[in-house]
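> task: produce atomic coordinates for the following.
(chains A and B)
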2 protein chains.
Amino acid sequence: MSAEPPVPETSVLAVASHVVSGNVGNKIAVFVLQSMGCDVSALNTVQFSNHTGYRQWKGTRVSAQEITDLWEGLKQSYLDGYDMMLSGYVPGAPAVEAVGNIAKELRHKAEESQNPGSFFWVLDPVMGDNGRLYVADDVVPAYKSLIHYADLILPNQFEAELLSGVKITDSASLEQAIRVLHQDYGVPHIVITSVSLPLSSSSSAASTPIIPCTSPTQTPRTMSVVGSTMTASDRRPRLFKIRFPVFECYFSGTGDMFAALMVVRMREAVAKYDPKHDATLGERRSWLSSDDVDALDLPLAKAAEKVLASMHEVLARTCEGMTAEMKEVKAKNQDIDEKTLHLIKSRAAELKLARNLGCLRDPAVAYRAEKL
Amino acid sequence: MSAEPPVPETSVLAVASHVVSGNVGNKIAVFVLQSMGCDVSALNTVQFSNHTGYRQWKGTRVSAQEITDLWEGLKQSYLDGYDMMLSGYVPGAPAVEAVGNIAKELRHKAEESQNPGSFFWVLDPVMGDNGRLYVADDVVPAYKSLIHYADLILPNQFEAELLSGVKITDSASLEQAIRVLHQDYGVPHIVITSVSLPLSSSSSAASTPIIPCTSPTQTPRTMSVVGSTMTASDRRPRLFKIRFPVFECYFSGTGDMFAALMVVRMREAVAKYDPKHDATLGERRSWLSSDDVDALDLPLAKAAEKVLASMHEVLARTCEGMTAEMKEVKAKNQDIDEKTLHLIKSRAAELKLARNLGCLRDPAVAYRAEKL
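Numbering: from 1, shown residues only, chains lettered A, B, ... in the order given. Down below sits the predicted model:
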């Protein structure tokens, strides 16, 4: 494993949930960011015993006022200088607004400075998945009014629909949703993190390496991330997609790991992969590549390729461990009840990160961006 | 940097404070443990904007009831299987008792099992330093009633006095304090983390490498950690000391980093360095080496050597960065007021860990245990 961190010195404010046990929210994001060399401030929006996928948990939420207080605490001691911010799950609309106010202040400070690219906000608008909202209704308009201030948003397909108002059913509506987010909301970079449409493509799905989790004979299934960086002059999409194999297990925290890795790899890509070798890219507001940069050459595309490589390796290791663990459990307990089995399975599916640092730092890139 | 973690799979429950910005308490302990390959559950006892050394902060404490609730939440989902526990700052006597109850339950479960060595509690009894108590008075008896259940305690000199009731003024009283903790309280392993007495020694202090922080011409000053593992048969001390150079800066979080590293290196030492090559050492209650193992061959001594090596390297890097940063600040701001200077200095003195993973994983051991 390389001793050199992939990014230059980078201070990140990470705002998300905290769980005592397991790996979701800030619990995974902070470790990912730190182990990649970032100096991380972690503002925890809840402290729960475990993630809600277990279907039972204990703990408390942090109020909007407490979030604002912590921010005031940072400011009064000159601890509010951040290169980047990552926001994930925030409980309720007032708390979302409180987090948004932090981002707006940091954005404003960067724009007042000589260097509008000195702050970059990665916003994961956690609202729901697969057609189901798991936050209060008023969180949706709260995010809609905030995304204008973000540099990169990471909605899943359902969240992209909620934000854009466009129902995504095919390539055309997907493109339309992204166009709305670029043009109407002015969001510079978008990655939709889980698109399960049949998207037309130049190479066959069978070429994608697959490591199925539970059944090696299963038909391989792929999904895609779809990303775009708008053109600087007229906010047109520059679309790419990256297909990846699906593990047939349910993991929690994958979105949070994806988001934290995107923070690091986006910073790295802007420093290293700028196809124009344009030294000022990192100083431009939102790190917007010149209009003539092709979709597949975008720092965003390069970043997403690396992120998916790490994701795949960590998920493969998690699957391996989980399969072995569940076999053992089932061998020992013939008549385990359904609730207990769900709890044990949830624990076995926790992302295995701490012993797989190499997967984060030096993944073997296996997935390439393609034109949509 | 080696890709292989130094310890076998180890699940640790870490209970300490959380700060949004900076590196103290769980904020540093969790990262240290994770980056060494441990699966960490983090129960945060406070969420403050920054550590209290800044002399101003905002945030909230977690109540004893909330600590107990989180623990209940873990238990109800079978998330309470831990190999080790590390406890640091806990706000107030009721919360100390709540944390103690968690440790007692885990201890009890291990003793009921086939393997009494399957749980090991590292307790840092955070109460004060340099003759000054910085917790409520009733925290002292709360810890006194708990240390009996701990496997390894890590008091500083002042805390060792509070727990043992022995005023430490020379080698004899130091030894007496440790004897009391072994014999009267039954604490198996003790490391006193900062002893500044002139301790007699077989080699000269001048041989210790020094990297002074601010003034390279300053007279080098050394301090010692003093450790002991009691004999299994009659609780006699087996004393060693390790001298290390003092950086002439005030850092926060060094005790927390020391404690987290001790968790990892103790686990590693019991697995790798057992001088009797006794496969059962890790299964014995408190990992107590046989009576005939010499003080300098104790896993505790081997662990402390590695811990101090990592500490020294991280502090050296922090000092370098801090010195450069403060020079820059002073060059830019001629008439900076004292309060602001203190805040900036506090920030510059935050331990620099995320970019120095190699110092944690593969330190060059520079300090050796000596007989007291």
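
> measure the residue sitting nearest the centre point of chain A to chain B for me?
Nearest residue to the geometric centre of chain A (CA atoms, centre = their mean): A:Ala259, 2.1 Å. Look at A:Ala259 and chain B: by CB to the nearest CB, to the nearest Å, they are 18 Å apart. Heads up, the C-betas are built off the backbone N, CA and C, glycines and all.

> repeat that for A:Gly321.
For A:Gly321, the distance to chain B equals 10 Å [CB to the nearest CB].

> that residue contacts A:Arg347, correct?
No. Here A:Gly321 does not reach A:Arg347: they are 11.0 Å apart, not a contact under CB atoms under 8 Å.

> one step back: find the nearest non-adjacent residue to the residue nearest to the centre of chain A, please.
Counting by CB to CB, 6 or more residues apart in numbering or on different chains, the nearest residue to A:Ala259 once its immediate chain neighbours are dropped is A:Asp124, at 4.5 Å.

> so where do the helices sit in the stretch 51-200 of chain A?
A:64-76, A:93-112, A:139-144, A:157-164, A:171-183 (DSSP state H, counting those that start in this stretch).

> what comes up buried for the helix ranked longest in chain A?
Of all segments of type helix in chain A, defined using DSSP state H, the longest is helix A:299-332. Residues of helix A:299-332 classed as buried: A:299-319, A:321-323, A:326, A:329 (neighbour count, 16 or more other CB atoms under 10 Å in any protein chain shown).

> model confidence over it, on average?
Helix A:299-332 comes out with an average pLDDT of 94.

> now it, how far from the chain's geometric center?
For helix A:299-332, the separation from the chain centroid amounts to 16 Å (computed by CA atoms, centre = their mean, to the nearest Å).

> that helix packs against which elements?
Helix A:299-332 is packed against strand A:189-195, strand A:222-229, strand A:239-245, helix A:254-272, helix A:338-348, helix A:357-361, with contacts defined by 3 or more CB pairs under 8 Å, 6 or more residues apart in numbering or on different chains; DSSP states H and E.

> run the last query once more with 6 Å
strand A:222-229, strand A:239-245, helix A:254-272, helix A:338-348, helix A:357-361 (3 or more CB pairs under 6 Å, 6 or more residues apart in numbering or on different chains; DSSP states H and E).

> buried residues of the last one, list them for me.
Read it as helix A:357-361. A:Leu357, A:Cys359, A:Leu360, A:Arg361.

> for the stretch 201-350 of chain A, which spans come out with low pLDDT?
A:201-220, A:273-279 (pLDDT under 70).

> try it again with 50
For the stretch 201-350 of chain A, the stretches flagged by pLDDT under 50 are A:201-212, A:214, A:216.

> buried set for stretch A:68-82?
A:Thr68, A:Asp69, A:Leu70, A:Trp71, A:Gly73, A:Leu74, A:Gln76, A:Ser77, A:Leu79, A:Asp80, A:Tyr82.

> give me the subset of those residues touching chain B.
A:Asp69, A:Leu70, A:Gly73, A:Leu74, A:Ser77, A:Leu79 (CB under 6 Å from any CB of the partner chain).

> redo those as JSON lines? Include pLDDT.
What follows is these, written out as JSON lines (pLDDT from 0 to 100):
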{"residue": "A:Asp69", "pLDDT": "98"}
{"residue": "A:Leu70", "pLDDT": "98"}
{"residue": "A:Gly73", "pLDDT": "98"}
{"residue": "A:Leu74", "pLDDT": "98"}
{"residue": "A:Ser77", "pLDDT": "98"}
{"residue": "A:Leu79", "pLDDT": "98"}
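
> show me which of these is closest to A:Glu111.
For those, the residue nearest A:Glu111 by CB to CB is A:Leu74; the value is 19.7 Å.

> measure that closest one to B:Ser49 for me?
In this view, A:Leu74 and B:Ser49 are 5 Å apart by CB to CB, to the nearest Å.

> in the stretch 101-250 of chain A, what residue comes closest to chain B?
A:Ile102 (11.0 Å; CB to the nearest CB).

> counting neighbours, what do you get for that residue?
Counted with other CB atoms under 10 Å in any protein chain shown, the neighbours of A:Ile102 add up to 23.

> can you check the one 4 residues further on too?
A:Leu106: 23 surrounding residues under other CB under 10 Å.

> pretty sure it contacts A:Phe120?
No. Applying CB atoms under 6 Å as the test, A:Leu106 and A:Phe120 come out as separate, 9.5 Å apart.

> my guess is A:Cys359 meets A:Val314, correct?
Yes. A:Cys359 lies in contact with A:Val314 (CB under 6 Å); the separation is 5.0 Å.

> need the residues of chain A near chain B, please.
So chain A meets chain B at A:1, A:3, A:5, A:20-21, A:31, A:34-35, A:37, A:39, A:41, A:43-44, A:47, A:49-50, A:54, A:57-59, A:69-70, A:72-74, A:77-79, A:343, A:354-355, A:358 (CB under 6 Å from any CB).

> buried subset of the residues you listed?
A:5, A:20-21, A:31, A:34-35, A:37, A:39, A:41, A:43-44, A:47, A:49-50, A:54, A:57-59, A:69-70, A:73-74, A:77, A:79, A:343, A:354-355.

> those in strands, which ones?
A:Asp39, A:Ser41, A:Leu43, A:Asn44, A:Gln47, A:Gly59 (DSSP state E).

> output the residues you listed in CSV, with pLDDT and distance to B:Ser290 appended to each entry.
CSV is the format used below for these (pLDDT from 0 to 100; distance: CB to CB, whole Å):
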residue, pLDDT, distance to B:Ser290
A:Asp39, 97, 45
A:Ser41, 98, 47
A:Leu43, 98, 49
A:Asn44, 98, 45
A:Gln47, 98, 43
A:Gly59, 98, 44
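
> just to revisit the earlier point, hey, which of the helices of the stretch 51-200 of chain A is tucked in deepest?
helix A:157-164 (a mean of 22; mean count of other CB atoms under 10 Å in any protein chain shown).

> what angle sits between that helix and helix A:254-272?
With axes from the mean of the first three to the mean of the last three CA atoms, to 10 degrees defining the directions, helix A:157-164 sits at 70 degrees from helix A:254-272.

> got a list of contacts for stretch A:135-145?
A:Gly92, A:Ala93, A:Val96, A:Glu97, A:Pro125, A:Met127, A:Leu162 (CB atoms under 6 Å, 6 or more residues apart in numbering or on different chains).

> from those, which is closest to A:Ser113?
Nearest to A:Ser113 among these, counting by CB to CB, is A:Glu97 at 24.7 Å.

> next up, the contacts around the closest one.
Per CB under 6 Å, 6+ apart, neighbours of A:Glu97: A:Ala142.

> show the pLDDT at it.
pLDDT, read off for A:Glu97, is 98.

> again with the one 3 residues further on
According to the per-residue confidence, A:Gly100 scores 98 in pLDDT.

> what's the burial count for the nearest residue to it once chain neighbours are set aside?
Take A:Gly100 and drop its neighbours on the chain: the residue closest to it by CB to CB, 6+ apart is A:Leu146, 4.2 Å away. A:Leu146 is flanked by 23 other residues according to other CB under 10 Å.

> phi, psi for A:Leu146 please.
The phi and psi torsions at A:Leu146 (degrees, to the nearest 10) take the values phi -100, psi -30.

> please name the nearest non-neighbouring residue to A:Leu33.
Nearest to A:Leu33 is A:Val40, by CB to CB, 6+ apart, at 4.7 Å.

> how close does the one you found get to A:Gln76?
Per CB to CB, A:Val40 is found 20 Å from A:Gln76.

> just A:Arg347 next, same as before
41 Å.

> name all residues that make contact with A:Ala160.
A:Ala177, A:Ile192 are the contacts of A:Ala160 under CB under 6 Å, 6+ apart.
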